[in-house]
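K.L.:
Give me coordinates for this.
(one chain, ligands or ions: 2)
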Amino acid sequence: PDYRPFLAALPKCEHHLHIEGSLSPSLLFSLSARNAIALPSAISDIAYANVAALEARYKAFTSLDDFLAYYDRASRVLIKREDFADLSYAYMQKASEDGIAHTEISFDLQTHTQRGIAVETVVKGLNDGLKKGEKEFGITFRVIMCILRHESVQSCVDHVDLALPYYQSGDIHGLGMCSTEKDQHPKKFLPVYQRAKEVGIEFLTAHAGEEGPAEYVRSALEDLGVTRIDHGVRSVEDEHVLAMLRERKTMLTVCPLSNVALRVVKHLSEVPLRKLLDAGIRFSLNSDDPAYFGGYLLENYYQVHDNFNFNRTTWALICRNGIEGSWISEARKQELI
Ligand code: ES4
Ligand code: ZN
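P.N.:
Residues are numbered from 1 along each chain as shown. Ligands and ions are numbered 1, 2, ... in the order given. Here you go, the predicted structure:
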């Protein structure tokens with residue numbers, strides 16, 4: 001049978017989506033013109049010759065760090081509150097087409113403050129677009145600020161403090177940690193998570209076990225005290241980490257197309273979904289940086305189905321776990337089930 005209508009109709013939740021990673025090459029070129037922000041010349045980097053050349057370069061990432069260089073550069077065209085609103089609204093439109101019921105989007109604050117963009121511009125702009133999308137499409141949302149592991153611990157702590165008024169006003173909900181993972185032991189960022197707990201931020205996650213080892217997943221859980229793990233696919237390399245995830249009912253936010261694009265796995269069939277299911281570990285499926293990795297959420301569902309051929313019971317379980325693992329009220333969960 002053709003599973004596509006079934007997958008499209010499932011009550012899907014997305015929990016791992018970098019809003020800067022939904023900046024498509026075409027929006028990148030148009031914001032570059034609108035804000036008079038020069039991109040690298042096609043002479044210094046041929047990838048910037050045109051949209052097609054950039055899309056082709058995005059198909060040839062060799063690692064997380066190779067991708068991050070393009071992701072970071074592209075983010076520089078985001079200047080005004082409207083730019084952030086246009087970006088988040090465009091994502092909500094796409095989410096609606098994909099049949100997403102609830103989404104938890106991340107943004108990187110340090111990337112923007114370092115260029116002199118005000119916290120207010122970023123946070124209010126993103127919320128403008130998200131609220132417009134919620135009204136229009138009925139998609140509920142949460143906002144997660146991600147601190148960047150390539151920055152100093154002090155900068156990360158300072159940005160928790162900078163964002164604090166927006167946690168208190170309900171414009172930001174959760175805290176995450178992303179960017180380069182190699183040789184960045186989670187424990188190094190303990191002061192950030194301590195500060196978050198001190199100021200009452202309840203919803204904590206971290207990227208771990210993407211390029212880094214299962215030990216980093218353990219540390220994020222035990223040292224940082226996160227209740228969710230972004231990626232976490234390398235957890236399957238350690239039975240003790242799997243047991244810990246199962247006992248705590250921790251949800252992994254797995255990103256299949258991202259893992260292929262960034263060479264975490266050679267082929268989508270190697271994403272350890274079967275192993276996680278068999279081990280009783282909860283996970284959701286996510287698009288991560290859809291403008292860079294070849295597909296939004298529904299495309300991830302399609303390609304997972306093409307490779308794993310899950311039955312309807314398994315698909316229902318995956319979506320149920322995604323609802324349960326969302327940072328929303330019991331009442332909203334009941335609506336989604
Ligand atoms: C990211 Cl795929 C991925 N991994 C780590 N950090 C990120 N930031 C944006 N996308
Ligand atoms: Zn990510």
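K.L.:
May I see the buried residues of stretch 268-278?
P.N.:
Within stretch 268-278, the residues that count as buried by 16 or more other C-beta atoms under 10 Å are Leu268, Val271, Pro272, Leu273, Leu276, Leu277. Bear in mind the C-beta positions are built from the backbone N, C-alpha and C, glycine included.
K.L.:
Same check on stretch 19-36?
P.N.:
Buried-residue list, stretch 19-36, by 16+ other C-beta under 10 Å: Ile19, Glu20, Gly21, Ser22, Leu23, Ser24, Pro25, Leu27, Leu28, Phe29, Leu31, Ser32.
K.L.:
What residues does this protein have near ligand 1?
P.N.:
Proximity of the chain to ligand 1 (C-beta under 6 Å from any ligand atom) is limited to residues His18, Gly21, Leu64, Tyr71, Cys178, Ser179, His207, Glu210, Ser258, Asp288, Asp289.
K.L.:
burial of the first one, as a residue count?
P.N.:
Put plainly, it is His18. 26 (other C-beta atoms under 10 Å).
K.L.:
Equivalent analysis for the third one, please.
P.N.:
By the criterion of other C-beta under 10 Å, Leu64 has 22 neighbours.
K.L.:
What count of nearby residues applies to Ala49?
P.N.:
14.
K.L.:
pretty sure it is touching Ala42, no?
P.N.:
Yes: Ala49 lies in contact with Ala42 (C-beta atoms under 8 Å); the separation is 4.0 Å.
K.L.:
Of the residues of the chain next to ligand 1, which belong to helices?
P.N.:
Leu64, Tyr71, Ser258 (DSSP state H).
K.L.:
Reformat the residues you listed into a markdown table and put pLDDT next to each item.
P.N.:
Output for these, formatted as a markdown table (pLDDT from 0 to 100):
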| residue | pLDDT |
| --- | --- |
| Leu64 | 94 |
| Tyr71 | 98 |
| Ser258 | 98 |
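K.L.:
of all those residues, which comes closest to Val199?
P.N.:
Nearest to Val199 among those: Tyr71, at 28.3 Å, using C-beta to C-beta.
K.L.:
Show the contacting residues for that closest one.
P.N.:
His18, Glu20, Gly21, Asp289, Tyr292 (C-beta atoms under 8 Å, 6 or more residues apart in numbering).
K.L.:
Next, the contact list for Gly99, please.
P.N.:
Taking C-beta under 8 Å, 6+ apart as the test, what Gly99 contacts is Ala8, Ala9, Leu10, Lys12, Leu298.
K.L.:
Against Leu277, how distant is it?
P.N.:
The gap separating Gly99 from Leu277 is 22 Å, by C-beta to C-beta, to the nearest Å.
K.L.:
go on, Arg218?
P.N.:
21 Å.
K.L.:
Next up, the contacts around whichever residue of the stretch 151-300 of the chain sits closest to ligand 1.
P.N.:
As assessed by C-beta to the nearest ligand atom, ligand 1 sits closest to Cys178 within the stretch 151-300 of the chain, at 3.4 Å. Listed by C-beta under 8 Å, 6+ apart, the contact set of Cys178 reads His18, Ser106, Asp108, Cys146, Ile147, Leu148, Arg149, His207, Asp230.
K.L.:
Excluding chain neighbours, give the residue nearest to Cys255 in space.
P.N.:
Spatial nearest neighbour of Cys255, excluding adjacent residues (C-beta to C-beta, 6 or more residues apart in numbering): Asp288 at 3.8 Å.
K.L.:
er, Lys80 actually
P.N.:
Nearest to Lys80 is Thr121, by C-beta to C-beta, 6+ apart, at 6.8 Å.
K.L.:
Can you give me the pLDDT of the one you found?
P.N.:
On pLDDT, Thr121 comes in at 98.
K.L.:
packing partners for the helix or strand encompassing Pro5?
P.N.:
Under the criterion of DSSP states H and E, Pro5 resides in helix 4-9. Packing contacts for helix 4-9, counted by 3 or more C-beta pairs under 8 Å, 6 or more residues apart in numbering; DSSP states H and E, involve helix 297-308, helix 312-324.
K.L.:
In the chain, where's the longest helix?
P.N.:
helix 119-137.
K.L.:
Confirm for me that Arg195 is in contact with Ala163.
P.N.:
No: under the criterion of C-beta under 8 Å, Arg195 makes no contact with Ala163, lying 10.9 Å away.
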